[in-house]
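Peer 1: fold the following.
(one chain, ligands or ions: 1)
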Amino acid sequence: MAEVLIVDSKEAAGALVADHIAALVAADPQFTLGVATGSTPLPVYQALAAHAAAGVDFTRMSAFALDEYVGLAEDHPESYHSVIAREVTVPLGLDPARVHVPDGTGGDVATAGERYEAAMTEHGGVGLQLLGIGTDGHIAFNEPGSSFGSLTRIKTLTEQTRVDNARFFDSLDDVPIHCVTQGLGTILRAGHLVMLAFGEGKAEAVAASVEGPLSAGMPGSAIQLHSHVTVVVDEAAASRLQHADYYRYSQANKPAWQGL
Ligand code: F6R
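Peer 2: Below you'll find the predicted structure:
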């Protein structure tokens, strides 16, 4: 089962996860981090930037993003190319040549998924994958109904996801309808999945993903198929978990050697 860590704040979650990543990078400077976009991972990136400022060298780390909108110019401020550059590549001092984001604008969008899968395979995969979760249970942009075996491909965003993401754009009409996203099968190949969620709006999806039945209708439940998953949530996002008492007990008795 997933390990569930309930923390007091987003900042505490960010520090916990960033400390672990910084230690991984210190041990292996060529570590590969799977990066997510959206609001959720920002506290992790902020805490990682503090590690970079304190001298942790991220210059040889590689990163693979989960997804990208189709049809949004790479230099649009809300393209995931721009977001990853702004939140991760620049503040951490990563080498841009080692940062990979799916191609949503190239001439041949139909092959963008295959090309990204090939790049990930050639690279040797992702060590730790950061994940957020949508209110409808999507991880990356695998909307409800996505196959657990799915690979990187073009997906159509649900209206719910477009409404949720409209806050990043001038209007709902500006939110792209399609994306290129790693599949659930792609994500499940990463060495360690770290899913973060904050706020009451995510509570239902978190509980269904961690404790509910495995279902393509709840893409987040795919994490139950992975052998090493850590779910880091604040109290509000934990509020629908049936076994929260057990998670707290387990967290209070977590062996020091275990790490994240
Ligand atoms: C984006 C991604 C999505 C987001 C999800 C939650 O790369 O992977 O699954 O994690 O849409 O978005 P926020 O964090 O903005 O609530």
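Peer 1: going forward, measure contacts between C-alpha atoms and count neighbours the same way
Peer 2: Will do.
Peer 1: nearest spatial neighbour of Leu225, skipping sequence neighbours?
Peer 2: Leu188 (7.6 Å; Cα to Cα, 6 or more residues apart in numbering).
Peer 1: cool, Leu260 as well?
Peer 2: His20 (6.6 Å).
Peer 1: next, give phi and psi for that neighbour.
Peer 2: phi -70, psi -40 (degrees, to the nearest 10).
Peer 1: backbone phi and psi for the residue nearest in space to the middle of the chain, please?
Peer 2: In the chain, the residue lying closest to the centroid (Cα atoms, centre = their mean) is Leu131, at 2.3 Å. Main-chain torsions, Leu131, degrees, to the nearest 10: phi -130, psi 140.
Peer 1: picking up where we left off before, does the residue nearest to Leu260 touch Gly259 like I think?
Peer 2: Yes: His20 is in contact with Gly259 according to Cα atoms under 8 Å; the separation is 7.5 Å.
Peer 1: who's more crowded, those two?
Peer 2: For the pair His20 and Gly259, the greater number of neighbours falls to His20 (14 against 8), based on other Cα atoms under 10 Å.
Peer 1: so where do the strands sit in the stretch 1-150 of the chain?
Peer 2: Secondary structure of the stretch 1-150 of the chain (DSSP state E, counting those that start in this stretch): strands located at 3-7, 32-35, 62-65, 67-69, 99-100, 128-131.
Peer 1: what helices or strands is the last one leaning on?
Peer 2: It stands for strand 128-131. strand 32-35, strand 192-197 (3 or more Cα pairs under 8 Å, 6 or more residues apart in numbering; DSSP states H and E).
Peer 1: then the second one?
Peer 2: Here strand 32-35 touches strand 62-65, strand 128-131, going by 3+ Cα pairs under 8 Å, 6+ apart.
Peer 1: tell me how many other residues surround the closest residue to Gln46 other than its chain neighbours.
Peer 2: Excluding its sequence neighbours, the residue lying closest to Gln46 (Cα to Cα, 6+ apart) is Gly14, at 7.5 Å. Gly14 has 22 neighbours, counted by other Cα under 10 Å.
Peer 1: what is the closest residue to the residue nearest to the centre of the chain other than its chain neighbours paired to in the beta sheet?
Peer 2: In space, and not counting its chain neighbours, Leu131 is closest to Met195: 4.4 Å by Cα to Cα, 6+ apart. Beta-bridge pairing of Met195 under DSSP bridges involves Leu131, Val231.
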